[in-house]
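1. no sequence for this one, just the structure:
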Ligand SMILES: NC(=O)c1ccc[n+]([C@@H]2O[C@H](COP(=O)([O-])OP(=O)(O)OC[C@H]3O[C@@H](n4cnc5c(N)ncnc54)[C@H](OP(=O)(O)O)[C@@H]3O)[C@@H](O)[C@H]2O)c1
């Protein structure tokens with residue numbers, strides 16, 4: 001095992017690399033730094049030297065086996081019984097192409113890139129392998145490594161729900177519940193970019209943030225219940241798991257969609273039929289990962305239309321502290337880890 005206080009400096013040509021390994025499900029202490037075999041790029045792969053990555057709510061959920069109600073057994077069957085089968089978590093990163101396979105044509109060593117391994121994970125390491133035609137694209141020049149690494153976990157989820165599922169349109173009223181998290185900060189921006197009028201639900205401390213991202217109105221959830229605010233919305237996006245269709249039905253406008261980003265098994269089954277008689281739709285489930293969405297989000301970031309929100313930047317060695325901050329449920333945007 002590596003000395004956790006030592007800096008992560010990969011040795012050129014080494015066959016191993018530093019990685020954060022989850023040895024079993026549990027609290028942040030189950031994440032340990034270890035040397036593991038370095039991935040080798042196949043003919044169509046890039047090997048990326050990671051400069052920054054995030055600890056997302058998804059990483060913390062897997063590490064802790066903390067899942068919405070009724071999802072415990074399915075998660076264990078899919079991810080592993082006593083510990084995650086993919087012991088190195090990490091859904092997103094920014095870094096430099098270290099090596100490319102023989103058939104790679106669009107990238108070369110030295111290129112700065114952003115990658116989204118997504119559910120395949122593996123970004124909590126000094127190197128990540130990804131296919132050239134996978135979720136990887138050139139880093140927006142004006143963003144530093146931490147900013148570039150913090151775009152895609154929240155961005156792809158928000159894009160999936162708002163655009164692919166709800167097909168949000170200009171002029172619609174969108175309420176984002178949990179507007180200060182990684183998904184919520186992206187959702188506020190993407191809804192506003194689509195021409196929607198955005199209401200953000202967050203704590204008073206995050207009001208300025210939500211307004212700066214494009215919300216036109218903020219409801220402080222600690223002071224007011226949005227279902228009693230006397231308003232209605234075409235889209236209600238719950239990024240917290242704090243509501244359900246029964247509560248939202250009165251505030252959903254005709255044709256309204258409730259997006260349940262966080263939802264237990266019963267809610268997911270209910271979403272198949274709830275709302276039909278009222279002309280509403282309830283949408284739940286895992287956001288699909290699409291390479292074209294990743295490229296689109298990075299193009300938006302390149303144009304300055306989508307900006308990452310960062311709660312804290314920590315050295316990779318402090319990954320357990322990063323998990324603890326995510327576990328608090330209080331982070332604003334993303335927690336970023338940097339590697340040398
Ligand atoms: N379905 C999918 O495919 C999918 C994909 C990605 C993520 N998710 C899930 O989506 C959820 C959101 O992810 P995330 O990364 O955005 O989480 P996050 O960054 O950890 O969200 C934390 C934020 O939520 C706010 N918050 C907490 N309780 C709230 C409440 N009752 N009302 C309004 N805001 C509240 C907190 O603000 P305060 O401190 O001010 O309260 C904090 O800023 C997670 O549960 C994650 O697992 C699902």
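-> In hand now; what should we look at? From a predicted model like this one, the values you see are computed outputs, not experimental measurements.
2. and the closest residue to the ligand within the stretch 101-250 of the chain, its phi and psi?
-> Of all residues in the stretch 101-250 of the chain, the one sitting closest to the ligand is residue 181 (2.5 Å; Cβ to the nearest ligand atom). Heads up, the C-betas are built off the backbone N, CA and C, glycines and all. Residue 181 adopts backbone torsions of phi -80, psi -180, taken as degrees, to the nearest 10.
3. could you do residue 281 as well?
-> Taking degrees, to the nearest 10, you get phi -130, psi 140 for the backbone angles of residue 281.
4. pLDDT at it, what is it?
-> For residue 281, the pLDDT comes out at 97.
5. contact partners of stretch 129-142?
-> For stretch 129-142, the external contacting residues (Cβ atoms under 8 Å, 6 or more residues apart in numbering) are 39-42, 44-48, 94, 100-101, 103-107, 111-118, 122, 145, 148, 152, 289, 291, 294-295, 298, 301-302, 304.
6. which ones among these lie within strands?
-> Counting by DSSP state E, the contacts of stretch 129-142 place 45, 46, 47, 48, 94, 100, 112, 113, 114, 115 in strands.
7. was I right about the first one contacting residue 101?
-> Yes: with contact taken as Cβ atoms under 8 Å, residue 45 and residue 101 are classed as touching, separated by 4.8 Å.
8. between the two, point out the one with more neighbours.
-> The neighbour comparison of residue 45 against residue 101 (other Cβ atoms under 10 Å) goes to residue 45, with 21 against 17.
9. what domains does the record give for the chain?
-> Following automatic domain parsing, one gets these domains for the chain: 16-151+308-338, 153-284.
10. from the ones in strands among the contacts of stretch 129-142, pick the one nearest residue 16.
-> Taking Cβ to Cβ as the measure, residue 16 lies nearest residue 47 of those, at 13.6 Å.
11. so that closest one touches residue 122, yeah?
-> No: using Cβ under 8 Å, residue 47 is not in contact with residue 122, being 11.6 Å away.
12. which one's more surrounded, the two?
-> residue 122 (23 against 20).
13. hang on, the earlier thing: name the residues contacting each of residue 47 and residue 122.
-> In contact with both residue 47 and residue 122: 39, 128, 129, using Cβ under 8 Å, 6+ apart.
14. ok, of these, which one's closest to residue 268?
-> Nearest to residue 268 out of the shared contacts of residue 47 and residue 122 is residue 128 (Cβ to Cβ; 30.6 Å).
15. before we move on, what SS does that closest one have?
-> Judged by DSSP: H, G, I helix; E, B strand; the rest coil, the three-state class of residue 128 is strand.
16. quick one: residues contacting it.
-> 39, 47, 48, 50, 90, 93, 95, 115, 117, 122.
17. which pLDDT value goes with the fifth one?
-> Listed pLDDT for residue 90 reads 98.
18. quick one on the thing from earlier: okay if I get the shared contacts of residue 47 and residue 122 as a markdown table plus pLDDT and distance to the ligand?
-> Formatted as a markdown table, these follow (pLDDT from 0 to 100; distance: Cβ to the nearest ligand atom, whole Å):
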| residue | pLDDT | distance to the ligand |
| --- | --- | --- |
| 39 | 96 | 25 |
| 128 | 98 | 19 |
| 129 | 98 | 23 |
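19. near the ligand, which residues of this structure show up?
-> 56-58, 61, 154, 157, 177-178, 180-184, 201-203, 205-206, 221, 239-240, 242, 261-262, 286-287, 326, 329-332 (Cβ under 6 Å from any ligand atom).
20. of these, which count as buried by neighbour count?
-> 56-58, 61, 154, 157, 177-178, 180-184, 201-203, 206, 221, 239-240, 261-262, 287, 326, 331-332 (16 or more other Cβ atoms under 10 Å).
21. so in the chain, where's the weakest helix or strand by average pLDDT?
-> helix 72-79 (a mean of 87; mean pLDDT, DSSP states H and E).
22. that one: how far from the chain's middle?
-> Put simply, helix 72-79 sits 20 Å off its chain's centre (Cα atoms, centre = their mean, to the nearest Å).
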